[in-house]
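[1] Whatever this is, show me its structure:
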Amino acid sequence: MAAVAVLTVVCGTGEAVVRHSVADRVSTALDGRLGDRPDVSLGSRPALPALLDGTLPSVTIAGQADAAGFTGVPVTVRLSDVTVDRARHTTRVSGSQVTAEVSTDAVTRRITSGDGKGTGKGKGAGMVSAVTADPAAGTLDLAVQGGLATIQVRPTVTDGRMKLSVTDGQVFGSAAPPALLDRVQSAIDALPAPDRPRGQKGATDALGLRLTEVTVTDSGLRIDLTGGRAELTHTAD
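    Prediction:
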């Protein structure tokens, strides 16, 4: 009985070590694309066979990435049919699904800074002071001109890109003038893409992700992206 217990502990310890090793390889393949050290979950398949044949039915990764113009937002990445090729130092996947959670604070920073990082000034700066979410209406409410006006914008997906469209607005409880609505829309449309260091690819580039859906939540936006087959290169073990 004691021998069985010892064997169980040894096998369990070995499994934990191997799972960490496989997870580390997948994490390395996405190094710099999902934060410094993303959390990797290998699913239910035992890791010892996975280490031998290098295949996993699924891998779930939690980290931070750029998505739909927002920089460094929390994301959950689900990879399907993962193959870790140690000889070629690559990780191949048959498909991927990514969910990004964008807070209203992140939306505010994106609109007011112009670069999604809270630095610099875009054309929307000075107009929008805060953003709140209205899931029931499917809109974001922008506090404009120090809260004197509230402008509603609806997020949609067009050709794989997110668009924020002004739908309505109020000034002191009355309908906002069309000129103000047009001005806010122009400021949103003029937002530049976030800067990225030259030569650096994000997770969306590496996995070939395409924006498929955006949903207004209590805390901001939930952004869904999907990708097909992809190959990630990582450093040698």
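[2] Which parts of the chain are strands?
    Secondary structure of the chain (DSSP state E): strands at 39-41, 55-67, 70-85, 90-93, 95-103, 128-134, 139-144, 149-158, 161-171, 174-175, 210-216, 220-227, 230-233.
[3] Packing partners of the second one?
    With contacts defined as 3 or more CB pairs under 8 Å, 6 or more residues apart in numbering; DSSP states H and E, strand 55-67 has these neighbours: helix 2-29, strand 39-41, strand 70-85, strand 95-103, helix 203-206. (Glycine included, C-beta is placed from N, CA and C.)
[4] how does it look with 7 Å?
    Applying 3 or more CB pairs under 7 Å, 6 or more residues apart in numbering; DSSP states H and E, one finds that strand 55-67 contacts strand 39-41, strand 70-85, helix 203-206.
[5] In contact with residue 160, which residues?
    Taking CB atoms under 7 Å, 6 or more residues apart in numbering, we find residue 160 in contact with 210, 211.
[6] follow-up on the earlier one: and residue 186, which of the strands of the chain is closest to it?
    strand 161-171 (9.5 Å; CB to CB).
[7] how about the closest one: buried residues?
    162, 164, 166, 169 (16 or more other CB atoms under 10 Å).
[8] Give me the sheet partners of that strand and which way each runs.
    strand 149-158 (antiparallel), strand 174-175 (antiparallel) (DSSP bridges).
[9] Can you add mean pLDDT and distance to residue 220 and give those back as a markdown table?
    Compiled in a markdown table, the strands paired with strand 161-171 are given as follows (pLDDT from 0 to 100; distance: least, CB to CB, whole Å):
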| stretch | mean pLDDT | distance to residue 220 |
| --- | --- | --- |
| strand 149-158 | 96 | 10 |
| strand 174-175 | 96 | 26 |
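[10] Nearest approach to residue 140 belongs to which of these?
    Closest among the strands paired with strand 161-171, using CB to CB: strand 149-158, at 5.2 Å.
[11] List of residues touching that closest one?
    By CB under 7 Å, 6+ apart, strand 149-158 touches 138-144, 162-171, 176, 180-181, 184, 211-214, 216, 221.
[12] let's see 6 Å
    139-142, 144, 162-171, 176, 184, 211, 214 (CB atoms under 6 Å, 6 or more residues apart in numbering).
[13] Just the CA trace of that strand, in PDB.
    Taking C-alpha atoms only, strand 149-158 is exported to PDB below (Å, rounded to 0.1, in the frame of the first residue of the first chain):
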ATOM      1  CA  ALA A 149     -24.000  66.500 -22.800                       C
ATOM      2  CA  THR A 150     -24.400  62.800 -23.200                       C
ATOM      3  CA  ILE A 151     -23.800  61.100 -26.500                       C
ATOM      4  CA  GLN A 152     -24.800  57.500 -27.300                       C
ATOM      5  CA  VAL A 153     -22.600  55.400 -29.600                       C
ATOM      6  CA  ARG A 154     -23.300  51.900 -30.800                       C
ATOM      7  CA  PRO A 155     -20.400  49.500 -31.500                       C
ATOM      8  CA  THR A 156     -20.700  47.300 -34.500                       C
ATOM      9  CA  VAL A 157     -18.400  45.000 -36.600                       C
ATOM     10  CA  THR A 158     -17.900  45.800 -40.300                       C
END
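[14] Mind listing what's buried along stretch 130-144?
    Buried-residue list, stretch 130-144, by 16+ other CB under 10 Å: 130, 131, 133, 139, 140, 141, 142, 143, 144.
[15] go on, stretch 222-234?
    Neighbour-count burial for stretch 222-234 [16+ other CB under 10 Å]: 223, 224, 225, 226, 227, 230, 232, 234.
[16] And stretch 56-66, by the same measure?
    Result for stretch 56-66 [16+ other CB under 10 Å]: buried residues 56, 58, 59, 61, 63, 64, 65, 66.
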